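S.K.: sequence unknown, structure follows:
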């Protein structure tokens with residue numbers, strides 16, 4: 001009977017362990033809203049772009065996003081609008097979150113006197129830096145797959161964003 005009591009945790013130990021776990025837990029921000037400024041390549045064609053995204057994170061490692069972006073061009077009256085759904089894996093290392101994933105969406109390329117609409121694919125990598133009060137700084141690099149028939153090609157897009165987690 002004495003050996004059995006030694007194997008059972010004391011109520012004080014259980015309370016101490018629960019207190020340590022509660023004190024070390026940090027509040028999770030399962031959603032983020034981010035605004036970004038982008039660039040694209042080939043650089044002699046594309047200029048600055050803008051956009052935003054809504055991110056939902058599950059289990060602090062898997063994320064899903066809806067991203068909308070407008071990319072301006074050096075050519076007069078030329079631009080590209082994209083709307084994409086993205087999924088990624090991004091483990092947290094304290095406040096630093098590297099991530100990578102895949103996306104798919106639609107685009108509309110506006111040209112002088114015409115336009116082109118179709119679907120696109122994305123492969124992307126990035127990193128987030130999470131600050132107190134829900135502030136998130138992030139950067140991302142995307143390999144964009146547009147159809148070969150697209151009038152003005154866009155190979156890569158990169159952006160830097162500022163967001164809020166809630």
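M.R.: Sure thing, it's come through. In this text, all values refer to a predicted model and were calculated from it rather than measured experimentally. Numbering: from 1, shown residues only.
S.K.: so where do the strands sit in this structure?
M.R.: 31-41, 46-58, 62-73, 79-89, 96-111, 114-130, 135-145, 156-165 (DSSP state E).
S.K.: Now do the shortest one against strand 79-89, angle only.
M.R.: With axes from the mean of the first three to the mean of the last three Cα atoms, to 10 degrees as the basis, strand 156-165 and strand 79-89 are set at 60 degrees to each other.
S.K.: what lines up beside strand 156-165 in the sheet?
M.R.: Neighbouring strands of strand 156-165 in its sheet, by DSSP bridges, are strand 31-41 (antiparallel), strand 135-145 (antiparallel).
S.K.: Quick one: closest of those strands to residue 120.
M.R.: strand 135-145 (6.0 Å; Cβ to Cβ). Any C-beta I mention is one placed from the backbone N, CA and C, and that applies to glycine too.
S.K.: and that closest one, which residues are buried?
M.R.: Residues 136, 138, 140, 142, 144 are the ones in strand 135-145 that count as buried (16 or more other Cβ atoms under 10 Å).
S.K.: Let me have these in TSV, extended by pLDDT and distance to residue 122.
M.R.: Listed next are the buried residues of strand 135-145 as TSV, based on pLDDT from 0 to 100; distance: Cβ to Cβ, whole Å:
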residue	pLDDT	distance to residue 122
136	97	20
138	97	15
140	98	10
142	98	5
144	97	6
